[in-house]
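Visitor: Quick one, fold the following:
(2 chains)
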Amino acid sequence: MPNRFRVAPCAIAVIAAAILAAPVAGQQARATGRFPAYRAPRMADGHPDLNGLWQAFVTANWDVQDHEAQAGAHPELDGAYGAGPAGQSIVEGGEIPYQPWALEKKKENFARRATVDVSNDETRQALGDPELKCYMPGVPRATYMPFPFQIVQGSNPYILMAYEFTTATRIIRMNWKQEAPTPSWMGWSRGHWEGDTLVVDVTGQREESWLDRAGDFHSDALHVVERYTPASPYHLMYEATIEDSKVYTRPWKISFPLYRRMEKNVQLLEFKCVPFTEDLLFGRFGKTGGGR
Amino acid sequence: MMRYLLAAILLAISGSAQTPHAAKAAAPAGKRALPRTPWGDPDLQGVWNDATSTPLQRPNGAGKDVLTDEEAASFQDELANDLSRDRRDGGADADVNRAYNEHWMDSRRLKITADRRTSLIVDPPDGRIPPLVKLSPEREKVRAERAAANARFNAGLPATYKDMSLPVRCIIRTDSPPYLPTIYNNDFQIFQSPGLVVIAPEMIHSARMIPVDGRPHLGKNLRQWLGDSRGHWEGDTLVVETTNFRKDDGVIFQNADPDTFRITERFTRVDANTLNYEFTVEDPRTWTKPWSARIPWTKIDPGEQMYEYACHEDNYDLVHFLVGARAREQRGEK
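Guide: This next block holds a predicted model:
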């Protein structure tokens, strides 16, 4: 993890505040909105260097739309530990353009977000937020979970995105022709550069993944186009266009900044969460009916 | 009952005593221009596969360490036959137990290493894991508990999910070092950026971060399933030291003790399509001496790609094992 920008640990906030507070002179950089024009350091192939440990600081994992602070699924056990923060929508225009049936389904999902039952092979995926079960989150959710992820960009046709949550990974295949061979939880990602922006086309995602804890969802027709644009040494602007003709009335867009993690010697750690879910998922099948 | 051959492979390898000899050095790579990254490091990027039928330990009767072409052909046939033959010779239960045949296997899994070795272990020279030291009573107890859990699982009567191995529970599989060939999914993709090497094993989808920028290890109280790796370059070789393994049962090969276990891995690209993977492990609380193995990795991209191995998300078997066990208990089986 090359740390080209050695700054004190609390520098992210300071720099972010400084940049956000600075008056934006005349022209605004395309796709970066509040940021002045910025030219990122280059890799040997001439493309921007996106290497680093990045993290979103939105609360979209609780709900991609506007949401109030809320109790968790089991406040009688978790109290404030389980509660979620308030947050503003990352959706352009505020609302996901659901088809009417799909809005009902989203509400059902939310009502049953903390209910799981894996006893029946046919219906085991039907209940519960996949995050609760420690399933790989899919795209774009992986990007705004409250965990960092590492971009590893070298000198071959692959860019790795490695997420701390459940050690999920995905490989961005650059300028790749082959279509998704089969559905997968993290999808099939093909990338190309448009100027300084890494554009990633994601298809072939498993239909069971969710967008957040609020039950927002998609179908097997999901098509996500992501855009990663360097906005400063410490920020990438992230945008994703989300298209799914079975669930939404039109394509819709989310955007938020990603922040470079700046702590000295910071590194991607492990969040192998399977062990935290085994009592929940499998405890009831044990001899004593509750694990051991 | 159905059981995972993989789990058996990962758990069942055991050693026996032979007289040690001086270690033989790995074959030199020879001088040729090896690829470099634009920032000057040896270039190991790509998708690699480590499948081979050469066993970790030299089988009894294999005789010597390196075979002639003829001997190698017959040794390979024998191993391939053992791995994939029709084994319906032990009744229906045994048949199901042996169900993982060549249909499941990477075809490379049926071939011995190109250098015609009879074991992946190169030191000690007898090709066998050194004998275990006498374990402390606490560790004997842990081992006995693990053996009892395995016995319950193999009898089709696991009491809880905890009776199953870490691979069956989809917690770690071949993603924890040392990397050993298994029945399937023997792919590893190596990524590099300035100051970093990442190894992403196909099974299970984790990315092992190996900083090569000289930073210190994590603090001793921050342990991980895959440990904490630090690398440096010695000539063309990436040398990786890994510490900070979690203490959970089965995390380290042969249940070595995380407090004293040391593993050093060496990755050397020897030509466009071959990378030598060598490792040395030692633990004075587990083995009587250190031991080392060498496994050639073959480059397979762009013709072959790595795909997602989602283990936990669709782990139907774990539920089936437990539901089956409860049904057997209902029928009065013990």
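
Visitor: Longest helix in chain B, please.
Guide: With DSSP state H setting the assignment, residue counts place helix B:137-154 as the longest helix in chain B.

Visitor: mind exporting that one as PDB, just the C-alpha atoms?
Guide: Output of helix B:137-154 as PDB, limited to C-alpha atoms (Å, rounded to 0.1, in the frame of the first residue of the first chain):
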ATOM      1  CA  PRO B 137      -1.800 -31.600  27.900                       C
ATOM      2  CA  GLU B 138      -3.900 -28.600  26.900                       C
ATOM      3  CA  ARG B 139      -3.100 -29.100  23.200                       C
ATOM      4  CA  GLU B 140      -3.700 -32.900  23.500                       C
ATOM      5  CA  LYS B 141      -7.100 -32.100  24.800                       C
ATOM      6  CA  VAL B 142      -7.900 -29.700  21.900                       C
ATOM      7  CA  ARG B 143      -6.700 -32.300  19.400                       C
ATOM      8  CA  ALA B 144      -8.800 -35.000  21.100                       C
ATOM      9  CA  GLU B 145     -11.900 -32.800  21.000                       C
ATOM     10  CA  ARG B 146     -11.300 -32.000  17.300                       C
ATOM     11  CA  ALA B 147     -10.900 -35.700  16.600                       C
ATOM     12  CA  ALA B 148     -14.100 -36.500  18.400                       C
ATOM     13  CA  ALA B 149     -15.900 -33.800  16.400                       C
ATOM     14  CA  ASN B 150     -14.500 -35.200  13.100                       C
ATOM     15  CA  ALA B 151     -15.700 -38.700  14.100                       C
ATOM     16  CA  ARG B 152     -19.200 -37.400  14.800                       C
ATOM     17  CA  PHE B 153     -19.200 -35.700  11.400                       C
ATOM     18  CA  ASN B 154     -17.900 -38.700   9.600                       C
END
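
Visitor: quick one: buried residues of that helix?
Guide: B:146, B:149-150, B:152-153 (16 or more other Cβ atoms under 10 Å in any protein chain shown). Bear in mind the C-beta positions are built from the backbone N, C-alpha and C, glycine included.

Visitor: quick one: contacts for residue B:104?
Guide: Going by Cβ atoms under 8 Å, 6 or more residues apart in numbering or on different chains, residue B:104 touches B:183-184.

Visitor: who's in contact with the longest helix of chain B?
Guide: B:1, B:3, B:11, B:135, B:158-159, B:162-165, B:168, B:249-250, B:255, B:257, B:285, B:321.

Visitor: switch to 7 Å and redo it
Guide: If you take Cβ atoms under 7 Å, 6 or more residues apart in numbering or on different chains as the criterion, helix B:137-154 is touched by B:3, B:11, B:135, B:158-159, B:163-164, B:249-250, B:255.

Visitor: and the two most separated of the residues you listed?
Guide: B:3 and B:135 (26.0 Å; Cβ to Cβ).

Visitor: Quick check: what element follows the helix or strand of chain A with the lowest mean pLDDT along the chain?
Guide: Lowest on mean pLDDT, DSSP states H and E among the helices and strands of chain A sits helix A:11-21, with a mean of 45. Next helix or strand after helix A:11-21 toward the C-terminus (DSSP states H and E): strand A:52-56.

Visitor: that older thread, any chance of the buried residues of helix B:137-154 in CSV, plus pLDDT?
Guide: Putting the buried residues of helix B:137-154 into CSV (pLDDT from 0 to 100) gives the following:
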residue, pLDDT
B:146, 92
B:149, 95
B:150, 92
B:152, 95
B:153, 94
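
Visitor: can you list the residues of the stretch 1-150 of chain A near chain B?
Guide: A:1-2, A:44, A:51, A:118-119, A:121, A:134-136, A:150 (Cβ under 7 Å from any Cβ of the partner chain).

Visitor: Tell me the one of those nearest residue A:197?
Guide: Distances from residue A:197 to these, taken by Cβ to Cβ, are shortest for residue A:51, at 16.0 Å.

Visitor: Which stretches in chain B count as strands?
Guide: B:46-49, B:121-123, B:187-193, B:196-201, B:208-211, B:228-234, B:237-243, B:262-271, B:274-282, B:291-299 (DSSP state E).

Visitor: Using PDB, list the CA coordinates for the first one.
Guide: As requested, C-alpha coordinates have been extracted for strand B:46-49 and formatted as PDB (Å, rounded to 0.1, in the frame of the first residue of the first chain):
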ATOM      1  CA  GLY B  46      -1.700 -13.000 -13.600                       C
ATOM      2  CA  VAL B  47      -3.800 -16.100 -12.900                       C
ATOM      3  CA  TRP B  48      -1.800 -19.100 -11.700                       C
ATOM      4  CA  ASN B  49      -2.800 -22.700 -11.000                       C
END
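
Visitor: helices and strands around it, which ones?
Guide: When contacts are defined as 3 or more Cβ pairs under 7 Å, 6 or more residues apart in numbering or on different chains; DSSP states H and E, strand B:46-49 packs onto strand B:187-193, strand B:291-299.

Visitor: Most tightly packed of those strands?
Guide: Among those, strand B:187-193 has the highest mean neighbour count (mean count of other Cβ atoms under 10 Å in any protein chain shown), at a mean of 25.

Visitor: Direction included, what does that strand pair against?
Guide: Note on strand B:187-193: by DSSP bridges, its sheet partners are strand B:46-49 (antiparallel), strand B:196-201 (antiparallel).

Visitor: what's that strand in contact with?
Guide: A:2, A:51, A:152-154, A:158, A:160, A:171, B:37, B:41, B:44-50, B:179, B:197-202, B:297, B:306.

Visitor: Okay, angle between that strand and strand B:291-299 too, please.
Guide: Using axes from the mean of the first three to the mean of the last three Cα atoms, to 10 degrees, one finds that strand B:187-193 and strand B:291-299 are set 80 degrees apart in direction.

Visitor: For the residue nearest to residue A:132 when sequence neighbours are not counted, give me the pLDDT.
Guide: Leaving aside its chain neighbours, residue A:132 sits nearest to residue A:114 (6.1 Å; criterion: Cβ to Cβ, 6 or more residues apart in numbering or on different chains). In this model, residue A:114 is scored at 94, pLDDT.

Visitor: what do you get for the one 3 residues further on?
Guide: Confidence per residue is given as pLDDT, and for residue A:117 that number is 94.

Visitor: same check, this time on residue B:217
Guide: For residue B:217, pLDDT reads 97.

Visitor: where's residue B:129 relative to residue B:121, distance?
Guide: Residue B:129 sits 7 Å away from residue B:121, going by Cβ to Cβ, to the nearest Å.

Visitor: Need the overlap of contacts for these two.
Guide: By Cβ under 7 Å, 6+ apart, the residues touching both residue B:129 and residue B:121 are B:57, B:291.

Visitor: Burial check on residue B:44, number of neighbours?
Guide: When neighbours are defined as other Cβ atoms under 10 Å in any protein chain shown, residue B:44 has 23 of them.

Visitor: Kindly state the beta-bridge partners for the closest residue to it other than its chain neighbours.
Guide: Leaving aside its sequence neighbours, residue B:44 sits nearest to residue B:190 (Cβ to Cβ, 6+ apart; 4.7 Å). Beta-bridge partners for residue B:190, by DSSP bridges, are residue B:46, residue B:199.
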